[in-house]
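[1] predicted coordinates and the sequence they were generated for:
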Amino acid sequence: MEVLGIDIGGSGIKGALVNSLTGEMLTKRHRIPTPEGRKPKDMANVVAEIVKHFKHKGPIGVGFPTIIKHGICKSPGNLHKSWLGMNVKELFSDATGLPVTVVNDADAAGYAAMNYGIGKGKQGLVVMITIGTGLGSGAFFDGELIPNFELGQIPYKKYKKIELWAADSAKTREGLTYQQWGKRFNKFLKYVELIIAPDLIILGGGASKDFDEYKDCITIETPVVPAQLQNQAGIVGAAAAALHQAPRD
Ligand code: BGC
């Protein structure tokens, strides 16, 4: 089935047509910067623009960077606070006139890894960690999603949540090298290991493609691997989520 996968992030909104059965991207990705302020109407307009770009008429799967329950935003994460309580599914369906499925962005990236990538067939507790504006987490047990894990929300020292200190955005904001940032990220992974004892951690998001630059900083016992689909996992997974989740919505 041809699905438009859209990955919404704090800095960019990216889309591509995907064969949701095979996970193959059928077009190049189209990226539009996330509007400043990260407010609902402005972001819905960008989603509509991406649909127009692809002249798409079918289903849409969206990976959204907040807790999402039955299409509703339950915590605004790094977006504008007016997202809280918003029916994101309805907002985007109205803006595009098309059927929309919305899931958490890291859950979407996890879908891609578990269905078409390095997580395929992996049993036990597998966690996708996305490294971007925030730290996202998508947890799977024996291949089944446990939605809305929020491991980036662990408080750390003076920080309300550890992602403010250890996400890719902190690296950029503070001008850290990969080695300096890698030590912070390893600290975060230590908490993840201590709290949920996963069997495998898969890394997604922008920084996953530079894994070689910081892999020596990672000292936890749990195996940590970059997603093969890297940054495309968000788009492909959003499309896959539309296929898996739509019947449950
Ligand atoms: C949000 C998560 C999201 C992550 C990555 C966090 O701030 O709370 O829901 O998955 O950012 O975008």
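    Nice, thanks for sending it over.

[2] drop to CA atoms for contacts and neighbour counts, all remaining ones
    Fine.

[3] list the buried residues of the least confident helix or strand in the chain by mean pLDDT.
    Every helix and strand of the chain was ranked by mean pLDDT, DSSP states H and E. The lowest is helix 233-245, at a mean of 89. Using 16 or more other CA atoms under 10 Å as the test for burial, helix 233-245 gives 233-243.

[4] same thing with stretch 115-124?
    115-119.

[5] and those residues near the ligand, which?
    Checking those against the ligand by CA under 6 Å from any ligand atom, not one of them is in range.

[6] show the subsequent helix or strand relative to the helix or strand containing Ala106.
    Applying DSSP states H and E as the criterion places Ala106 in helix 105-116. Next helix or strand after helix 105-116 toward the C-terminus (DSSP H and E): strand 125-131.

[7] other residues contacting stretch 60-67?
    3-10, 73-79, 98-109, 136, 148, 150, 234-235, 237-242 (CA atoms under 8 Å, 6 or more residues apart in numbering).

[8] what's the average pLDDT for it?
    Per-region confidence: stretch 60-67 scores 98 on mean pLDDT.

[9] quick one: distance of it to the chain centre.
    The chain centre lies 8 Å from the centre of stretch 60-67; the measure is CA atoms, centre = their mean, to the nearest Å.

[10] what's the burial count for Leu229?
    22 (other CA atoms under 10 Å).

[11] quick check: it vs Asn104, distance?
    18 Å (CA to CA, to the nearest Å).

[12] how about the residues of the chain near the ligand?
    65-67, 77-78, 104-106, 134-137.

[13] just the buried subset of these, please.
    For the residues of the chain next to the ligand, buried by 16+ other CA under 10 Å: 65-67, 77, 104-106, 134-137.

[14] shaky segments in the protein?
    246-249 (pLDDT under 70).

[15] where is the longest helix in it?
    helix 178-196 (DSSP state H).
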